[in-house]
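[1] model this:
(chains A and B)
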There are 2 protein chains.
Amino acid sequence: MIRVGINGYGTIGKRVADAVRAQPGMRVAGVAKRSPDYAAVGADETGYDLYAEDAAPFSAVDITPAGGVEDLVRESDVVVDATPSGVGAENRPLYERHDTPAIFQGGEDATVAEASFNARANFAEASEADYVRVVSCNTTGLSRLLAPIEELAGIEKARVTLVRRGGDPTQTSRGPINDVVPDPVSLPSHHGPDVRTIFPELAIDTIALRVPTTMMHVHAVNVSLAEDADAGEIRDRLAGESRLLLVPGYAGIEGTGGLRDLAGDAGRPRNDVWENAIWEESIAVRDGDLYCLQAIHQESNVVPENVDAIRAIAGEADAAESMATTNEALGIGLERFEGRERAADRQIAD
Amino acid sequence: MIRVGINGYGTIGKRVADAVRAQPGMRVAGVAKRSPDYAAVGADETGYDLYAEDAAPFSAVDITPAGGVEDLVRESDVVVDATPSGVGAENRPLYERHDTPAIFQGGEDATVAEASFNARANFAEASEADYVRVVSCNTTGLSRLLAPIEELAGIEKARVTLVRRGGDPTQTSRGPINDVVPDPVSLPSHHGPDVRTIFPELAIDTIALRVPTTMMHVHAVNVSLAEDADAGEIRDRLAGESRLLLVPGYAGIEGTGGLRDLAGDAGRPRNDVWENAIWEESIAVRDGDLYCLQAIHQESNVVPENVDAIRAIAGEADAAESMATTNEALGIGLERFEGRERAADRQIAD
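    Below you'll find the model as predicted:
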């Protein structure tokens, strides 16, 4: 039983905690949090032991922290650091002092850890490491998509436009309210180099903009293929990936709002979309250039990767075993469209 | 066992179906739907029998409808009509032909039914009727709030500014994108007259605007009280209402995004906020004028009212019994803040 401590209980931390709780062979040792807000009350209601450096403010909400952050590290076999960007690096000495392996998030610089991690692309590298960084939601989304394309047809070069959500639903001070903001205005956005922490040899250029939505990011992807492959072959290969969700045209899902609505209909916690959602009709090949559109749920798509990183670091499974266990425990892999889609194909062919 | 047919499986219909499924003494006889989209697939995955006037398009997604809408009416003791505004009125003759009681939504004109309905305010009136209209989300929200205020201190006059969401998350063609739109520009908005279908004697003026959000409506409420009451008394009275959720200041919930996030943390299906969410710190009384701010989740707050309307029309419970059963089955009444809030009060007093 791997005891997992969660340091930082915000958007990512609370989701990772719930995902860990759902896994066989893991339990949540506790969660560390600074302020006694609704999320702290939620953690207490869920039954997580709460740890805080400053316990006093929590008495106002009838929570008695079980100790400080160092106590949580002591109670943990692995720590998932889900603190704000940059704080993870400051925390690493604490984990080292206790000889406790730790997983950092993609907001940290790659140098925070020995390896950057994506379950589909480079699981094995993390098995050798004590400190691992799960790459950001956008990099995770690109890694999941590019790995099977590379295996099927080879990638001569990838060019991606990232249309990024401005903030999360609770971030009332972020923008833009009404603009399309080149961010950054000069190539490359940090995403290309970040993808190369997973695929060191990959030729990839990325350009990014922020827009007024809180729902999901959307990537317009172009890949110049090294070998011939048609859209049907690409589609079938992507359909075989458990963390890519192909959204068929008949589903009538026009935008990211529909994707979150689908997740709610499927009973997903917090309407989370853990997979890359790829509009199937967007998959096209023109003269060796592959195109597609995929949506990435910034609040949740790294959650299964954090769970896999825990198993990798603990040396308890290989990539396939870990991903299968994680998927099964969370309910990843919405198979509702699979057989039906073939029926739709047949009807079109008729 | 009341067999409930759901005619129309959109935003409201799918939620009412799931809420009915969760109740003791009721079952979903089936759902009627026009197009074989992701929601139809979702209904099939959930196990609801699907009915459609035109069965042919559904073969493309491997769904064989159990019959047409008339067949669904035949299989139902009560029909909940959750079709788009105006279609309900067209459907009433069908229900009458089969002598089947029906519940309509607030998008219909009040004349569609014998009684307009809010569980807290006028449950008994529906017990006498065969055709009942659950009032709109905004009218439901105002009725839940005004009923206890009327009982506590009497209402001389209510004045409400409704800041309405522009559309639902899946409605990609609605606006405004970036504007504040008086809607309508001349008093009254339809909400005031609609509230009077529940409280015929009430003096109420409403004014409404649409803004660029898909999350929730927000009401800025003023009530001139007939008798003296201070903010503390009002607060305590509202806290005793199961479908009003008082959000304490320490929770740190700044806007409607935080309210939906809270619902997700609490494990609510689809991040639904079934209660009126009232910012506790907004409750104030100045020279006999009560003020407060409440948020109304347009996709879900009428869902428990539809369930209660089914029991009312079936004559199976009184208001208190029905609301208690509905609340219990759905998990309405987030008590996570209750005892803790008193602790916060004590600390402030210390």
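
[2] Tell me where the model's unsure across chain A.
    By pLDDT under 70, the low-scoring segments of chain A are A:339, A:341-350.

[3] hmm, 90 instead?
    A:60, A:127-128, A:316, A:333-350 (pLDDT under 90).

[4] what's the offset of stretch A:36-47 from the middle of its chain?
    In terms of CA atoms, centre = their mean, to the nearest Å, the centre of stretch A:36-47 is found 23 Å from the chain centre.

[5] And it, what's buried?
    Neighbour-count burial for stretch A:36-47 flags A:36-44, A:46 (criterion: 16 or more other CB atoms under 10 Å in any protein chain shown). All C-beta spots, glycine's among them, are computed from the backbone N, C-alpha and C.

[6] Stretch A:186-205 now?
    Applying 16+ other CB under 10 Å to stretch A:186-205 flags A:189, A:191-192, A:194-199, A:202, A:204 as buried.

[7] Run the chain-centre distance for it.
    On CA atoms, centre = their mean, the centre of stretch A:186-205 falls 17 Å from the chain's centre.

[8] Between its first and last residues, how far does it reach?
    Terminal residues of stretch A:186-205 are spaced 11 Å apart (CA to CA, to the nearest Å).

[9] outside of that stretch, which residues touch it?
    Contacts of stretch A:186-205 from elsewhere in the structure, counted by CB atoms under 8 Å, 6 or more residues apart in numbering or on different chains, are A:106, A:110, A:116-118, A:121-122, A:133, A:135-136, A:138-139, A:142-143, A:146-147, A:150, A:155-160, A:162, A:183, A:206-208.

[10] Check which helix or strand the nearest residue to A:Glu233 once chain neighbours are set aside maps to.
    Nearest residue to A:Glu233 in three dimensions, chain neighbours excluded: A:Leu152, at 6.9 Å (CB to CB, 6 or more residues apart in numbering or on different chains). Per DSSP states H and E, A:Leu152 falls inside helix A:137-153.

[11] Also A:Leu245?
    Take DSSP H and E as the rule and A:Leu245 turns out to sit in strand A:244-247.

[12] next one: A:Arg210
    Secondary structure from DSSP H and E places A:Arg210 in strand A:204-211.

[13] Mind listing what's buried along the helix or strand that comes right after that strand?
    Heading C-terminal from strand A:204-211, the first helix or strand you meet, by DSSP H and E, is strand A:217-225. By neighbour count, with 16+ other CB under 10 Å as the criterion, the buried positions of strand A:217-225 are A:217-219, A:221, A:223, A:225.

[14] which one among those residues gets closest to chain B?
    Closest approach to chain B among these (CB to the nearest CB): A:Val218, at 13.0 Å.

[15] right, and the closest one touches A:His297 too?
    No - A:Val218 is beyond contact range of A:His297, at 10.8 Å (criterion: CB atoms under 8 Å).

[16] Enumerate every residue touching the residue in the stretch 51-200 of chain A positioned nearest to chain B.
    For the stretch 51-200 of chain A and chain B, the shortest gap (CB to the nearest CB) falls at A:Pro169, measuring 3.4 Å. Contacts for A:Pro169 (CB under 8 Å, 6+ apart) come out as A:214, B:215, B:257-258, B:260-261.

[17] one more time with 7 Å
    A:214, B:257, B:260-261 (CB atoms under 7 Å, 6 or more residues apart in numbering or on different chains).

[18] Please convert the residues you listed to JSON lines, extending it with neighbour count, secondary structure and distance to B:Arg237.
    Shown next, in JSON lines, are these (neighbours: other CB atoms under 10 Å in any protein chain shown; DSSP: H, G, I helix; E, B strand; the rest coil; distance: CB to CB, whole Å):
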{"residue": "A:Thr214", "neighbour count": "20", "secondary structure": "coil", "distance to B:Arg237": "35"}
{"residue": "B:Gly257", "neighbour count": "19", "secondary structure": "helix", "distance to B:Arg237": "28"}
{"residue": "B:Arg260", "neighbour count": "26", "secondary structure": "helix", "distance to B:Arg237": "26"}
{"residue": "B:Asp261", "neighbour count": "23", "secondary structure": "helix", "distance to B:Arg237": "28"}
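
[19] biggest strand in chain A by residues?
    Ranked by residue count, the top strand of chain A under DSSP state E comes out as strand A:155-165.

[20] And that one, what's buried?
    Buried residues in strand A:155-165, counted by 16+ other CB under 10 Å: A:155, A:158-165.

[21] Which pair in those residues has the greatest spatial separation?
    Within these, two members stand farthest from each other by CB to CB: A:Ile155 and A:Arg165, at 26.3 Å.

[22] before we move on, the earlier item: does the longest strand of chain A come close to chain B?
    No - using CB under 7 Å from any CB of the partner chain, strand A:155-165 never reaches chain B; the gap is at least 12.1 Å.

[23] Give me the distance from that strand to the chain's centre.
    Using CA atoms, centre = their mean, the offset of strand A:155-165 from its chain centre is 17 Å.

[24] And for stretch A:193-207?
    Here stretch A:193-207 shows a centroid-to-chain-centroid distance of 17 Å under the convention CA atoms, centre = their mean.

[25] can you check stretch A:241-256 too?
    With CA atoms, centre = their mean as the basis, stretch A:241-256 stands 17 Å off its chain's centre.

[26] Which positions in that stretch come out as buried?
    A:241-248, A:250-251, A:253, A:255-256.

[27] Keep only those residues that also lie close to chain B.
    Counting by CB under 7 Å from any CB, A:250-251, A:253, A:255 from these sit close to chain B.

[28] Of the residues you listed, which is the nearest to A:Val87?
    The closest of those to A:Val87 turns out to be A:Gly255 (CB to CB; 33.5 Å).

[29] burial measure for the closest residue to the closest one other than its chain neighbours, as a count.
    Distances taken as CB to CB, 6+ apart put B:Thr172 closest to A:Gly255, at 4.9 Å, once the chain neighbours are dropped. Per other CB atoms under 10 Å in any protein chain shown, the neighbour tally for B:Thr172 reads 14.

[30] Could you double-check that B:Thr172 sits in contact with A:Ile253?
    No - if you go by CB atoms under 7 Å, B:Thr172 and A:Ile253 don't touch, sitting 10.0 Å apart.

[31] and the closest residue to A:Gly166 other than its chain neighbours, what does it touch?
    With sequence-adjacent residues excluded and distances taken as CB to CB, 6+ apart, A:Gly166 is closest to A:Arg210, at 5.1 Å. Neighbouring residues of A:Arg210 by CB under 7 Å, 6+ apart: A:164, A:166, A:176, A:181, A:183.

[32] try 10 Å this time
    Contact partners of A:Arg210, counting by CB atoms under 10 Å, 6 or more residues apart in numbering or on different chains, are A:162-167, A:174-176, A:179-183, A:217.

[33] before we move on, back to that, please report phi then psi for the residue of the stretch 51-200 of chain A closest to chain B.
    Backbone torsions for A:Pro169, taken as degrees, to the nearest 10, come to phi -60, psi -30.

[34] next one: A:Leu202
    When read as degrees, to the nearest 10, the backbone of A:Leu202 gives phi -70, psi 130.

[35] A:Ala320 now?
    phi -60, psi -40.

[36] give the contact list for it.
    A:119, A:123, A:242.

[37] rewinding a little: please report the distance of the residue nearest to A:Gly166 from A:Pro184.
    A:Arg210 is 10 Å from A:Pro184, where distance means CB to CB, to the nearest Å.

[38] and what of A:Phe58?
    To A:Pro184, A:Phe58 is 40 Å away according to CB to CB.

[39] cool, and A:Glu316?
    40 Å.

[40] neighbour-wise, which of the two wins?
    Neighbours per residue (other CB under 10 Å) separate A:Glu316 from A:Pro184, with A:Glu316 holding more: 15 against 12.

[41] Let me know the secondary structure of that one.
    With DSSP: H, G, I helix; E, B strand; the rest coil as the basis, A:Glu316 sits in coil.

[42] doesn't A:Ala126 make contact with it?
    No - using CB atoms under 10 Å, A:Glu316 is not in contact with A:Ala126; the gap is 11.7 Å.

[43] Alright, that wraps it up for me.
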